[in-house]
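Engineer: 3D, please:
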Amino acid sequence: MSATTSPARSDGRPAAAPRRPRPWTYTRIDALTTLLRPDMCFFTLIMPLGMYLFWGAMQDFSTHDAGRGNVASSIMINMSVFSVATAATCTAAGAAVEQVGGWGRQIALTAGGLRTYITTKLLTALIVSVFPVTVIFIAGAFTGAQMDAPWVWAVSYALSLLTAVPFACCGLAVGLWFPAQAAVGIAGASISVFAFLGNLFMPLSGGLFDFAHGTPMYGVGSLARRALQGDSVATATSTGGSAVVHEALWVPIVNIAVWTLVFVLACLTAQRRTTVRR
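Structural biologist: The predicted structure is shown next:
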């Protein structure tokens, strides 16, 4: 059996093996293209910002205390989490359009492989998510959102961005599993449902609040408000008022870990399915 030799260069030495391409160039182009899309600007920036201004900055109760700040800052964080989840999910779900055109199989034949493609989609989702939360926090600082210390602002901002990690995986899983004609719509609509069930749009009560603990957005929302409100979580009462319950830190952390694992497993399963010859 003859040995396999590497191609020789002109000087007689074997040529170096081709280097695996870095995903940064593809990520940069994909991120810029995504940010310039009008639908992304509306659903990830204009709509969450308008919801904060209407339900937060323009309401009389926005100046009431909420832990280390006021109610306006709490609503600002909630809308930031919603905007990051929408941006990350819809960006990653855009992979469905490319998959239906055979782009996934084409990428699988390159040196980078399908792993580079998936890495690029996740990085793009993380980059795109930075912009809406930054704009909402800046708007909050100029429209009455108050926090007691700079570190509360910084931690709340960072924890809001953490939302992009599980929901980028969620969007990619939806994009890989569902047809392109429906994937992005399903991804965007599901975020609104998750936000309502996750206690972001309004305080929940009773059995609905208990059910919220098992939904994907409850953990990221509760953790993002942790620096502001501590272990306090606002809920509604049967009489139409509001109440506060106290929760341990492990509750949102376990929620985030479990749902991230679920979404990652869904991505890995879909990755194998897309490269199977039919």
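Engineer: where does the stretch 101-250 of the chain dip in pLDDT?
Structural biologist: The stretch 101-250 of the chain contains residues with pLDDT under 70 at 101-105, 107-108, 110-114, 180-181, 238-241.
Engineer: can you give me the strands for it?
Structural biologist: Secondary structure of the stretch 101-250 of the chain (DSSP state E, counting those that start in this stretch): strands at 232-236, 242-246.
Engineer: and the longest helix for this protein?
Structural biologist: Across the chain, the longest stretch assigned as helix under DSSP state H is helix 113-142.
Engineer: Go ahead and confirm residue 62 touches residue 56.
Structural biologist: Yes - at 5.5 Å, residue 62 counts as touching residue 56 under the criterion of Cβ atoms under 8 Å. Where you see a C-beta, it was placed from the backbone N, CA and C, and this is true even at glycine.
Engineer: who are the neighbours in contact with residue 170?
Structural biologist: 88-89, 92, 187, 216, 259, 263 (Cβ atoms under 8 Å, 6 or more residues apart in numbering).
Engineer: Minimum pLDDT in those residues, which residue is that?
Structural biologist: pLDDT across those is lowest for residue 92, at 79.
Engineer: how much space between that residue and residue 258?
Structural biologist: With distances taken as Cβ to Cβ, to the nearest Å, residue 92 is found 19 Å from residue 258.
Engineer: Those two - which one has more neighbours?
Structural biologist: Neighbours were counted for residue 92 and for residue 258 using other Cβ atoms under 10 Å; residue 92 has more, 32 against 14.
Engineer: In helices only, show me the contacts of residue 170.
Structural biologist: Using DSSP H, these in helices are 88-89, 92, 187, 216, 259, 263.
Engineer: Output those residues in CSV, with distance to residue 41 appended to each entry.
Structural biologist: Below are those laid out as CSV (distance: Cβ to Cβ, whole Å):
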residue, distance to residue 41
88, 15
89, 16
92, 17
187, 17
216, 24
259, 27
263, 25
